[in-house]
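*Asks:* Return a 3D structure for these sequence lines:
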Amino acid sequence: MPRRKEPIEYADVPVKDCWHPFGLQGLNPQKFAFVISMIIDGKYELLDLRKKEAVKTS
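*Replies:* A predicted model of the protein is given here:
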């Protein structure tokens with residue numbers, strides 16, 4: 001089979017900027033500290049998993 005004339009271009013891997021609380025548990029301490037500081041600075045988001053109260057419409 002002949003070689004391709006042009007190289008294959010892949011899409012860039014996006015930056016993970018929205019974190020699930022359970023995803024933070026598996027990080028090493030340096031990465032955990034970095035992600036938490038970015039969340040505090042407002043550059044990353046943390047998913048809110050609290051149960052929302054139902055709104056009464058009556």
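
*Asks:* Going by C-alpha atoms from here, please, whenever you check contacts or count neighbours.
*Replies:* Noted.

*Asks:* going on from the longest helix anywhere in the chain, what's the next piece of helix or strand?
*Replies:* Longest helix of the chain, by residue count under DSSP state H: helix 29-41. The helix or strand immediately downstream of helix 29-41 is strand 45-46, counting by DSSP states H and E.

*Asks:* Can you tell me what sits against that following strand?
*Replies:* The contact list for strand 45-46, computed with Cα atoms under 8 Å, 6 or more residues apart in numbering, reads 17, 18, 19, 20, 21, 39.

*Asks:* Now do the same contact list for the fifth one.
*Replies:* The reference is to residue 21. The neighbours of residue 21, taking Cα under 8 Å, 6+ apart as the test, are 46, 47.

*Asks:* Then the third one?
*Replies:* Residues counted as contacts of residue 19 (Cα under 8 Å, 6+ apart) are 44, 45, 46, 47.

*Asks:* Mind giving me the PyMOL select for these, buried ones only?
*Replies:* Selecting only the buried entries of the contacts of residue 19 in PyMOL, with 16 or more other Cα atoms under 10 Å as the criterion:
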select buried, resi 44+45+46
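
*Asks:* Could you export the contacts of residue 19 to TSV, including columns for distance to residue 10 and pLDDT?
*Replies:* Shown next, in TSV, are those (distance: Cα to Cα, whole Å; pLDDT from 0 to 100):
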residue	distance to residue 10	pLDDT
44	25	95
45	27	95
46	29	93
47	29	91
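
*Asks:* now, which of the contacts of residue 19 sits nearest residue 8?
*Replies:* Closest approach to residue 8 among the contacts of residue 19 (Cα to Cα): residue 44, at 31.5 Å.

*Asks:* That closest one against residue 15, yeah?
*Replies:* No. With contact defined as Cα atoms under 8 Å, residue 44 does not reach residue 15; the gap is 9.9 Å.

*Asks:* Phi, psi for residue 18 please.
*Replies:* phi -130, psi 120 (degrees, to the nearest 10).

*Asks:* What is the neighbour count of residue 53?
*Replies:* 6 (other Cα atoms under 10 Å).
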